[in-house]
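> Pasting the sequence and the predicted coordinates here, then a few questions.
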Amino acid sequence: MTRAASLLAIAAILSAAGLFSGCGAAADPYGRLPVKGSVTLDGTALPSGEIVFTSDSVVPLISGTKIVNGQFAIPKDQGLAPGVYKVTINSILETAHPSGDVMNHPTEFKELIPEEFNKKSKLTAEVQNAGENTFSFDVVTKAKSKP
């Protein structure tokens, strides 16, 4: 999958999460709960990005939100039902081509988060009925993990 296709897929998931999260005063059949937390990249708050929680349960739920200054929050109406979720994190850096020639060299996009935190993520979070559902995710790049 190309980087552009990946970005489109993330946007579609986040849009679908917003569309299917429910509107109005009807009771929530899933018992959604608010979720919040933090994301660091090599020990520093991730400036911007997206986080998505995906359930593999009988009633699959997906929800996600933007990460701003290392923090994220999903309100109850778009939140998650109790259960275990796969977590994916993305952060795209948009840069001009080094030549500065924007006419012949379009903007370049670079994923800052290693695949093991998005495409090949094994991150999980368990949303529970009791207490606050606050999660911290520490992303370490391979470049930083080498001595």
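Nice, I can see it. Numbering: from 1, shown residues only.

> and Leu93, what is it in contact with?
Residues near Leu93 by Cβ atoms under 8 Å, 6 or more residues apart in numbering: 109-112. To be clear about C-beta, it is placed using only N, CA and C from the backbone, and glycine gets the same treatment.

> Selection in ChimeraX covering whichever of these are buried, please.
Buried residues within these, by 16 or more other Cβ atoms under 10 Å, are selected in ChimeraX with:
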select :111,112
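
> can you give me the end-to-end distance of stretch 113-126?
In stretch 113-126, first residue to last residue: 22 Å (Cα to Cα, to the nearest Å).

> which residues sit against that stretch?
6, 35, 41, 49, 53, 83-91, 111, 133, 135, 137, 139, 141-142.

> Can you tell me the element the spatially most central residue of the chain falls in?
Closest to where the C-alpha atoms of the chain average out (Cα atoms, centre = their mean) is Ile51, at 1.0 Å. Assigned by DSSP states H and E, Ile51 belongs to strand 48-55.

> tell me what that strand is packed against?
helix 3-19, strand 35-41, strand 62-68, strand 83-90 (3 or more Cβ pairs under 8 Å, 6 or more residues apart in numbering; DSSP states H and E).

> now the contacts of Leu93 in TSV, with secondary structure and pLDDT?
Output for the contacts of Leu93, formatted as TSV (DSSP: H, G, I helix; E, B strand; the rest coil; pLDDT from 0 to 100):
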residue	secondary structure	pLDDT
Phe109	strand	84
Lys110	strand	88
Glu111	strand	92
Leu112	coil	92
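
> And the contacts of Leu93, which two are furthest apart?
Phe109 and Leu112 (10.3 Å; Cβ to Cβ).
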